[in-house]
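Chemist: Take this sequence and fold it.
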Amino acid sequence: MTRTAELHAAAWAALSAEFLSRRPGPDGEPFRLFDSSTDYLAYVDGKPRYEGGRSFPAARGIVLPEGAPTDGVEAPTVHGLGGRKDALFMDRLRREGVEVFASTVDMIHALRGSSRSSSRTRCLTVVPRSPGASPTSRCAAVTSPPSCSG
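Modeler: Sure thing, here's the model as predicted:
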């Protein structure tokens, strides 16, 4: 519905610059910073915030302690990094805003008031062809009334 990937990638890049600049690299050389075009897709896109806080540092050979949800944004933990990334993202969102896909808004207006979006049979035909979907994983979300119990 919105184009937030650029804001997320920019927040991860800013976090990377802050975090990695404070750590010596494996040979005393600086760590390779976050590359928004390759690292974003490989290590953080589509993952929950804390999973990205694990996978991106791990890609640079850094294993962080998990920490706790109460960790501050400066804590060198998975939760601390996740919190800092979220703060950077929200700051960019407030400053820059986000693009809303007009086609999605149009679709929502067209569907408003509609009581269904797909039949169970159609759902079982279409959903399995969706990347990463099982025949029943998303049916409840796209049928009305919810069905697809198996």
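Chemist: Pull out the buried residues from the longest helix anywhere in the chain.
Modeler: Using DSSP state H to define each element, the chain has its longest helix at helix 78-96. Of all the residues in helix 78-96, those buried under the rule 16 or more other Cβ atoms under 10 Å are V78, H79, G80, L81, G82, G83, R84, K85, D86, L88, F89, R92. Yep, even glycine has a C-beta here, placed from its N, CA and C like the rest.
Chemist: can you dump the C-alpha coordinates of that helix into CSV?
Modeler: Taking Å, rounded to 0.1, in the frame of the first residue of the first chain, the C-alpha atoms of helix 78-96 are listed here in CSV:
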residue,chain,number,x,y,z
VAL,A,78,19.8,-7.3,18.9
HIS,A,79,17.0,-5.5,20.7
GLY,A,80,19.1,-2.3,20.9
LEU,A,81,19.8,-2.3,17.2
GLY,A,82,16.2,-3.1,16.4
GLY,A,83,15.1,-0.2,18.5
ARG,A,84,17.6,2.2,17.0
LYS,A,85,16.6,1.2,13.5
ASP,A,86,13.0,1.8,14.3
ALA,A,87,13.8,5.2,15.7
LEU,A,88,15.7,6.1,12.5
PHE,A,89,12.9,4.8,10.3
MET,A,90,10.3,6.8,12.2
ASP,A,91,12.4,9.9,12.1
ARG,A,92,12.7,9.6,8.3
LEU,A,93,9.0,8.9,8.0
ARG,A,94,8.1,12.0,9.9
ARG,A,95,10.5,14.1,7.9
GLU,A,96,10.0,12.7,4.4
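Chemist: C-terminal to it, what's the next element?
Modeler: Elements were assigned by DSSP states H and E; along the chain past helix 78-96, the next helix or strand is strand 99-100.
Chemist: Parallel or antiparallel, which strands does that following strand pair with?
Modeler: strand 2-3 (antiparallel) (DSSP bridges).
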